[in-house]
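> Take a look and give me a structure for this.
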Amino acid sequence: MCRLFGLDIDGNPQLPYMGRLFAARDAALGWGTLTSDGDAQQRWVRGGLGCDVLDTVAGLRAARRREVSPYGGVAVTVAALTGAFLSALALRAQGDEPAVADS
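Predicted structure coming up:
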């Protein structure tokens, strides 16, 4: 995944470890969402939405500070935004609108 997002594994050998941490977090959020229902499931989805929003901010910051390549900045930000968007759609479908101001 690191290479897919344009990250330099050779220059930072800790990246695969960090990738496994994110994968573990996402697996736990997915498992919690899929094995729960009702209010508990909405809490899991909201937790995932919060993580994806923070990942989006981190991706934008990394791109702005040139901590990642331009391609990497776009890739990680788009991936996080996609997760946030899908979580927001799931909450809306369940009748639990995320707290986002309408424009």
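> What strand or helix carries residue 86?
Assigned by DSSP states H and E, residue 86 belongs to helix 70-93.
> Could you measure from residue 67 over to residue 48?
24 Å (C-beta to C-beta, to the nearest Å). C-beta here means a position set from N, CA and C on the backbone, and glycine is covered the same way.
> Look at those two and report which has more neighbours.
When neighbours are counted by other C-beta atoms under 10 Å, residue 67 and residue 48 differ, and residue 48 comes out ahead with 23 against 13.
> so who does the residue lying closest to the more buried one once chain neighbours are set aside touch?
In this structure, residue 48 finds its nearest non-sequential neighbour in residue 29, 4.4 Å apart by C-beta to C-beta, 6 or more residues apart in numbering. The neighbours of residue 29, taking C-beta atoms under 8 Å, 6 or more residues apart in numbering as the test, are 44, 47-48, 51.
> Also residue 41?
So residue 41 contacts 33, 94 (C-beta under 8 Å, 6+ apart).
> Mind checking which of the contacts of residue 29 land in helices?
Judged by DSSP state H, the subset of the contacts of residue 29 located in helices is 44, 47-48, 51.
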